[in-house]
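Peer 1: Predicted model follows, preceded by the sequence.
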Amino acid sequence: MSNDGFDKEAFRKLEHDGWNSLSAGYHDHWQLVTTQIVPALLERTAVGAGCQVLDVASGPGYAAGAAAALGATATGIDLAENMQALAAANFPAASFRLGDAEDLPFETGSFDVVTINFGVLHFPDADKALAETFRVLKPGGRLGFTAWQGPENCALGMAMDAIAQEGTVRVDLPKGTPVFRFADHGECASVLGAIGFTEIASTDIMLTWSLPRPDLLMETLRQATARTSALLGAQDPADLPAIKAAMTEACKPFDNGTTTDLPMPAVLTVGTKP
């Protein structure tokens, strides 16, 4: 299930430009979602005082910042300049730099732990990026990465269903790593095993995305997701009200009168470099 044949440079540009322009929106809308899994990510990779930790696709810096708070020496790396600047401002106890996950600017065997928190689906060549994490880990070092499970019973799947129903998913945008590729435990084990990782284990963890109202899903996605924002931007403007209505209808069963608590099931996978 690799993405051979995709225009990887076009997808890399889509991701870079999208996250550069949406860094603040991501921080505003996703912070309380993606941080829910960070304690488990750091616990399963045994992050603690004295660890050398690299957080790849660090975004606003949540995992690196949490690792630094545990006493680790934490470094974050991201492709988007505005994400790197935001992370540095958010978490001064960690260090953040620009770089490409598929060509990490670190010596072989530099880190005890590498984390990737919901970044793997954003890489043009996820297999190559995961192989790079293996390279920069020390023997006995641990990789931990998270990905979205779905599309069933998942807010992202609900949104995609609404777009397919009332608009179109056949748009002229660069293709990349399938959003739910690493939802499958077998795929995670196969990919990491082929790279050389051992002690591979995947765990399903349910997260919750709380929105103030059920009619806010589409606008939130436009403000805070590179790929879905681009997909929505490629729709016929005349179809957008119907797409929004379909998303709102899908969200209503999760509205409790105060918040709309959408399911965001995730998968946490860990592996060890022998």
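Peer 2: Done, it's in.

Peer 1: Which residues outside stretch 235-247 are in contact with it?
Peer 2: Counting contacts by CB atoms under 8 Å, 6 or more residues apart in numbering, the residues outside stretch 235-247 that touch it are 158-159, 161-163, 165-168, 171, 215, 217-219, 232. The C-beta positions use only the backbone N, C-alpha and C, and glycine is treated the same way.

Peer 1: just those: which has the poorest pLDDT?
Peer 2: Within these, Val171 has the lowest pLDDT, namely 91.

Peer 1: burial measure for the residue nearest to that one when sequence neighbours are not counted, as a count.
Peer 2: Distance criterion CB to CB, 6 or more residues apart in numbering; nearest residue to Val171, sequence neighbours excluded, is Ala234 at 3.9 Å. If you count neighbours by other CB atoms under 10 Å, Ala234 ends up with 15.

Peer 1: And for Asp172?
Peer 2: 5.

Peer 1: Could you check which helix or strand contains Leu268?
Peer 2: strand 260-272 (DSSP states H and E).

Peer 1: Just the CA trace of that strand, in PDB.
Peer 2: The C-alpha trace of strand 260-272 is given here as PDB (Å, rounded to 0.1, in the frame of the first residue of the first chain):
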ATOM      1  CA  THR A 260     -20.800  18.400  20.000                       C
ATOM      2  CA  ASP A 261     -18.400  15.600  21.000                       C
ATOM      3  CA  LEU A 262     -17.300  13.900  17.900                       C
ATOM      4  CA  PRO A 263     -15.500  10.500  17.900                       C
ATOM      5  CA  MET A 264     -11.900  10.500  16.700                       C
ATOM      6  CA  PRO A 265     -10.600   6.900  17.100                       C
ATOM      7  CA  ALA A 266      -6.900   6.600  16.800                       C
ATOM      8  CA  VAL A 267      -4.200   4.000  16.600                       C
ATOM      9  CA  LEU A 268      -0.900   4.200  18.600                       C
ATOM     10  CA  THR A 269       1.900   2.000  17.200                       C
ATOM     11  CA  VAL A 270       5.300   1.400  18.800                       C
ATOM     12  CA  GLY A 271       8.300  -0.500  17.700                       C
ATOM     13  CA  THR A 272      11.900  -1.100  18.900                       C
END
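
Peer 1: Nothing else from me, thank you.
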